[in-house]
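Visitor: fold the following and give me the result.
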Amino acid sequence: MSGSAPAGRQLSNLQLRVISSIGLAAVVLALTWYGGIAFRLLAALIALAILYEWSQMSMRPGGGAIRVAAFAMLAIAMLAMLAGYSAEIVIIALVAAAALVFAFGKATGQGGETALSLAYAGASGLSLAFLRGADTNGLIAILFLFAVVWATDILAYFVGRAVGGPKLAPAISPGKTWSGAIGGAAGGVLGGLAVALAAGLGNLPLLALVALLLSVVSQIGDLFESGVKRRHGAKDSGTVIPGHGGVMDRVDGLVAAAFALYVIGAATGGLDNPIHALFTR
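Guide: Presented below is the predicted three-dimensional model:
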């Protein structure tokens with residue numbers, strides 16, 4: 001007797017994705033609303049999960065030591081972030097960690113990919129944590145980011161399936177189309193503007209431009225993660241999220257867009273308060 005459920009009772013992958021997305025969104029939005037140490041802990045866990053999954057895909061024979069070293073150094077940097085150290089200190093810790101892991105990788109024949117994965121994971125955690133901060137402006141900034149990325153994902157999926165047409169990057173992700181990318185970008189702008197209007201923000205033309213940029217970057221981040229998986233022959237980065245795969249599969253576009261928004265904000269508002277120039281009412 002087979003242990004699998006009858007075919008008629010099995011959930012489709014789309015149904016699993018929807019159910020998982022609703023559950024994750026509820027948890028993430030609750031932590032986002034609370035902010036402070038709760039959201040920083042979420043950002044740190046996302047960073048550690050990204051490093052774990054990427055290093056799991058890319059680890060070479062004999063690569064256990066460099067993987068442990070990278071994980072320990074990222075954990076130290078994330079602890080510094082949780083302890084309330086400035087963004088400058090966390091960035092210095094991450095740069096030093098990536099440089100040490102890179103040198104270790106070159107010296108032991110493990111290459112530089114572990115250092116790249118550490119830098120990518122650390123930048124993801126740092127960006128999310130310092131964008132949110134502890135005040136209302138940070139809450140608006142993160143909700144704006146979520147709206148852009150989630151609307152981009154949803155519209156890209158449905159517009160791409162409905163319209164089809166030329167492939168966007170067939171060598172990396174054969175299912176993605178230019179129509180989906182354009183639909184996703186339009187959805188991202190509308191999602192960002194909806195949050196901006198609801199929050200009473202006034203600089204709508206600038207925020208529409210920022211939303212468009214973040215939507216494009218999120219789609220590039222999606223393709224980047226697909227490229228990493230393809231390079232290592234992996235379909236998904238993990239199996240922890242039903243219908244989605246791993247944490248990297250779920251946050252690929254989000255962390256890329258978060259880093260872009262952090263860079264934009266840091267250039268105008270400073271490393272520790274990157275959103276004040278853009279999202280102050």
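Visitor: wait, is Gly175 part of a strand?
Guide: Yes - per DSSP: H, G, I helix; E, B strand; the rest coil, Gly175 lies within a strand segment.
Visitor: what about it, how many neighbours?
Guide: Residues contacting Gly175 under the criterion other Cβ atoms under 10 Å number 12. Yep, even glycine has a C-beta here, placed from its N, CA and C like the rest.
Visitor: tell me the contacts of it?
Guide: Counting by Cβ atoms under 8 Å, 6 or more residues apart in numbering, Gly175 makes contact with Gly160.
Visitor: any figure for the gap between the closest residue to Leu41 other than its chain neighbours and Leu48?
Guide: Among residues not flanking Leu41 along the chain, Leu82 sits closest, at 6.5 Å (Cβ to Cβ, 6 or more residues apart in numbering). Leu82 is 12 Å from Leu48, where distance means Cβ to Cβ, to the nearest Å.
Visitor: now Thr177
Guide: Distance from Thr177 to Leu48, by Cβ to Cβ: 34 Å.
Visitor: of those two, who's got more company?
Guide: Thr177 (22 against 18).
Visitor: ok, the nearest residue to the more buried one once chain neighbours are set aside - contacts?
Guide: Among residues not flanking Thr177 along the chain, Gly160 sits closest, at 4.6 Å (Cβ to Cβ, 6+ apart). Listed by Cβ under 8 Å, 6+ apart, the contact partners of Gly160 are Gly175, Lys176, Thr177, Ser179, Gly180, Ala181, Gly183, Gly184.
Visitor: my read is Gly160 is in a strand, agree?
Guide: No - looking at Gly160 with three-state DSSP, it is helix, so not inside a strand.
Visitor: so for it, what's the pLDDT?
Guide: What the model reports for Gly160 is a pLDDT of 95.
Visitor: which among the contacts of Gly160 count as buried?
Guide: Lys176, Thr177, Ser179, Gly180, Ala181, Gly183, Gly184 (16 or more other Cβ atoms under 10 Å).
Visitor: could you say which helix or strand contains the fifth one?
Guide: For Ala181, the host element (DSSP states H and E) is helix 178-199.
Visitor: which other helices and strands contact that helix?
Guide: For helix 178-199, the packing partners by 3 or more Cβ pairs under 8 Å, 6 or more residues apart in numbering; DSSP states H and E come out as helix 136-163, strand 167-169, helix 204-231.
Visitor: do I have it right that Gly125 meets Ala80?
Guide: No - Gly125 is beyond contact range of Ala80, at 11.0 Å (criterion: Cβ atoms under 8 Å).
Visitor: of the two, who's got more company?
Guide: Gly125 (29 against 16).
Visitor: now do the buried residues in the host helix or strand of Ile66.
Guide: Ile66 is part of helix 64-82 when elements are defined by DSSP H and E. Neighbour counts over helix 64-82 (16+ other Cβ under 10 Å) mark Ile66, Arg67, Ala69, Ala70, Phe71, Met73, Leu74, Ala77, Met78, Ala80, Met81, Leu82 as buried.
Visitor: dump the C-alpha coordinates for it into PDB.
Guide: Presented in PDB, the C-alpha positions along helix 64-82 are these (Å, rounded to 0.1, in the frame of the first residue of the first chain):
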ATOM      1  CA  GLY A  64      33.600  21.700   6.200                       C
ATOM      2  CA  ALA A  65      36.200  23.900   7.900                       C
ATOM      3  CA  ILE A  66      35.700  27.000   5.800                       C
ATOM      4  CA  ARG A  67      31.900  26.600   6.000                       C
ATOM      5  CA  VAL A  68      32.100  26.500   9.800                       C
ATOM      6  CA  ALA A  69      34.400  29.500   9.900                       C
ATOM      7  CA  ALA A  70      32.100  31.500   7.600                       C
ATOM      8  CA  PHE A  71      29.100  30.600   9.600                       C
ATOM      9  CA  ALA A  72      30.800  31.600  12.900                       C
ATOM     10  CA  MET A  73      32.000  34.900  11.600                       C
ATOM     11  CA  LEU A  74      28.600  35.800  10.100                       C
ATOM     12  CA  ALA A  75      27.000  34.800  13.500                       C
ATOM     13  CA  ILE A  76      29.400  37.200  15.300                       C
ATOM     14  CA  ALA A  77      28.500  40.100  12.900                       C
ATOM     15  CA  MET A  78      24.800  39.400  13.400                       C
ATOM     16  CA  LEU A  79      25.200  39.300  17.200                       C
ATOM     17  CA  ALA A  80      26.800  42.700  17.000                       C
ATOM     18  CA  MET A  81      23.800  43.900  15.000                       C
ATOM     19  CA  LEU A  82      21.400  42.500  17.600                       C
END
